[in-house]
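Q: Have a look at this fold, sequence not included:
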């Protein structure tokens with residue numbers, strides 16, 4: 001992402017229903033499937049501002065990884081130098097089977113070879129370790145905003161599951177999230193496309209309707225439904241996002 005996007009996220013993510021809700025339900029899935037202990041080690045890939053990892057540091061040891069200088073500047077204000085990995089190549093400089101958890105929250109859509117990244121997760125995790133990822137869903141929602149955010153793709157559930165082959169992973173949970181707001185998001189993006197916004201891609205860091213914090217009661221309601229439905233095991237047919245929780249096989 002561009003520097004302006006990091007500033008945009010940093011200003012919103014503490015309270016905005018989407019960012020705060022996503023962090024909350026990922027933490028809850030981790031607690032549900034494999035509760036961390038203080039000696040466990042979690043690597044947050046594409047850590048951005050580091051807020052999720054900072055919250056997880058209450059439960060276990062954490063490391064953060066990013067390859068954007070703007071993100072690294074922010075991470076250096078929150079973490080010790082030995083906790084920060086500046087990724088310069090394709091291979092994460094950590095030993096095989098050295099982690100209990102790997103998280104990648106809205107990261108895979110930014111990399112050209114998502115399959116290679118997931119293979120890296122498998123190498124880093126101990127047997128029984130967890131990978132938790134979130135990604136944007138539904139090609140029908142592709143818009144100028146995806147272009148501005150440097151997305152390579154949006155996923156459907158089958159595409160995301162295919163990155164975690166059964167011989168290497170036990171998929172504990174894979175489901176659409178942000179289900180109730182899908183019709184509104186679809187309508188807004190189609191309206192923007194009809195007005196010609198696709199021909200004038202949104203500038204990185206520009207204010208977007210989806211990134212404005214609603215009034216407090218609405219923000220709280222949106223966060224509550226987002227978190228609540230993200231825990232459901234009923235398979236939803238669509239959603240704005242996807243979450244997958246997978247356990248590395250021994």
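A: That came through fine. None of these values were measured; they are calculated from a predicted model. Numbering: from 1, shown residues only.
Q: Just list whatever residues bridge to residue 155.
A: residue 137 (DSSP bridges).
Q: and it, how many neighbours?
A: A total of 23 residues lie near residue 155 under the criterion other C-beta atoms under 10 Å. Every C-beta, even on glycine, is put in place using the N, C-alpha and C of the backbone.
Q: Equivalent analysis for residue 149, please.
A: 18.
Q: Then residue 115?
A: The burial count for residue 115: 13, using other C-beta under 10 Å.
Q: Return the set of residues that bridge with residue 65.
A: With DSSP bridges as the criterion, residue 65 is bridged to residue 45, residue 85.
Q: tell me which residues in the host helix or strand of residue 9 are buried?
A: Using DSSP states H and E, residue 9 sits within helix 3-12. The neighbour-count check on helix 3-12 (16 or more other C-beta atoms under 10 Å) flags 5-6, 8-10, 12 as buried.
Q: So which elements touch that helix?
A: helix 69-75 (3 or more C-beta pairs under 8 Å, 6 or more residues apart in numbering; DSSP states H and E).
Q: elements contacting the helix it packs on?
A: helix 3-12, strand 61-66, strand 84-86.
Q: Tell me which of these lies nearest to residue 241.
A: Nearest to residue 241 among the helices and strands packed on helix 69-75 is helix 3-12 (15.4 Å), distances taken as C-beta to C-beta.
Q: ok, then the element right after that closest one?
A: helix 17-33.
Q: so how far is the helix or strand of the chain with the lowest mean pLDDT off the chain centroid?
A: Lowest by mean pLDDT, DSSP states H and E among the helices and strands of the chain is helix 3-12, with a mean of 77. How far helix 3-12 lies from its chain's middle: 15 Å, per C-alpha atoms, centre = their mean, to the nearest Å.
Q: for stretch 152-168, same thing?
A: For stretch 152-168 - counting by C-alpha atoms, centre = their mean - the centre lies 14 Å from the chain centre.
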